[in-house]
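Novice: Here's my sequence, what's the structure:
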Amino acid sequence: MSRLAVIGSGVMGENLIAGLLRADWDARQIVAVDRSAPRMAQIAAKYGVDTADIPSAVAASDTVVIVVKPQDIGEVLPQVASALRPGTLVVSLCAGVTTSRIEAAMPAGTPVVRVMPNTPAQVDEGMAAISAGANATDAQLRRVCALLEAVGKAVVVPEEYQDAVTAISGSGPAYLFFVVEAMIDAGVMLGLPRGIATELVTQTMFGSAKLLVESGEHPTVLRERVTSPGGTTAAALRQLEENRVKAAFMQAMEAARDRSSALAR
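Specialist: All right, here's what the predicted structure looks like:
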């Protein structure tokens, strides 16, 4: 029976564990690790998975998924390397950490795959971008895709794209939540009760995203269908254009990409 170690049982680590169990993994296939003993006890009680320290979990696993904060990776990698069996796949969900950095800390020839997930994985609608290190095979990439597809969708990209991916899908949920927040506040300003404004905005966002995905139409086409000449939508869009909202989004994502690159360095 294959065995998966999840090192770091925070939000994203827990999301992965929960998603795999919903995808019919056996709880006995998963071992969770966290530096907080109470957190490990909580994960074990909630999901029925085993828990262990890093060396014990790594030594018993075919795949090791590292889901820790980038600033903690330097402490974790030597512990993983010390217990790694030959051929074990190492998967990193750590933002800004390159495969070459992980490979340098592992025994020679260790296959490494880098993943940029996002928080909608909590509801099985995540978007993950996956990149192979120097020693990872196509079969191992497919294995990682299958893992991440338990909590959403996955796409394989060259590692050089990862900073841009971080800016678009990794940080993307925050941009959309920011827009939702602004629209709700606008609804309140226009006289709506906050609860009604929230329901109107969140369902509009959800329905629009579903329409975009299921229709296959370009967003410009869908926008134009809502925009009658001289109408209310046209008046609103004119204000957004005059305030350079699209340019501001582009600049924001450039800043996120640059920050991801700086963190990697």
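Novice: what bits of the chain have low per-residue confidence?
Specialist: 1 (pLDDT under 70).
Novice: residue contacts, the residue lying farthest from the centre of it?
Specialist: What lies farthest from the middle of the chain is G230; by CA atoms, centre = their mean that is 40.3 Å. G230 makes contact with no residue under the criterion CB atoms under 8 Å, 6 or more residues apart in numbering. No exception for glycine: its C-beta is placed from N, CA and C like everyone else's.
Novice: distance of it from R238?
Specialist: To R238, G230 is 11 Å away according to CB to CB, to the nearest Å.
Novice: what's the domain layout of the chain?
Specialist: For the chain, automatic domain parsing gives the domain ranges 4-162, 172-264.
Novice: most tightly surrounded among these?
Specialist: Across the domains of the chain, the average number of neighbours (mean count of other CB atoms under 10 Å) peaks for domain 4-162, which reaches a mean of 19.
Novice: and the end-to-end length of that domain?
Specialist: Domain 4-162 has an end-to-end distance of 24 Å (CA to CA, to the nearest Å).
Novice: and if you look at stretch 187-202?
Specialist: Terminal-residue distance, stretch 187-202 (CA to CA): 12 Å.
Novice: Other residues contacting that stretch?
Specialist: Stretch 187-202 has contacts (CB under 8 Å, 6+ apart) with 180, 183-184, 186.
Novice: Nearest to Q203 among those residues?
Specialist: For these, the minimum distance to Q203 (CB to CB) is 10.8 Å, reached by V180.
Novice: Check which helix or strand the closest one maps to.
Specialist: According to DSSP states H and E, V180 maps onto helix 172-189.
Novice: Could you tell me the angle between the top helix by length along the chain and helix 172-189?
Specialist: Ordering each helix of the chain by length in residues (DSSP state H) puts helix 194-215 first. Helix 194-215 runs at 140 degrees relative to helix 172-189, counting by axes from the mean of the first three to the mean of the last three CA atoms, to 10 degrees.
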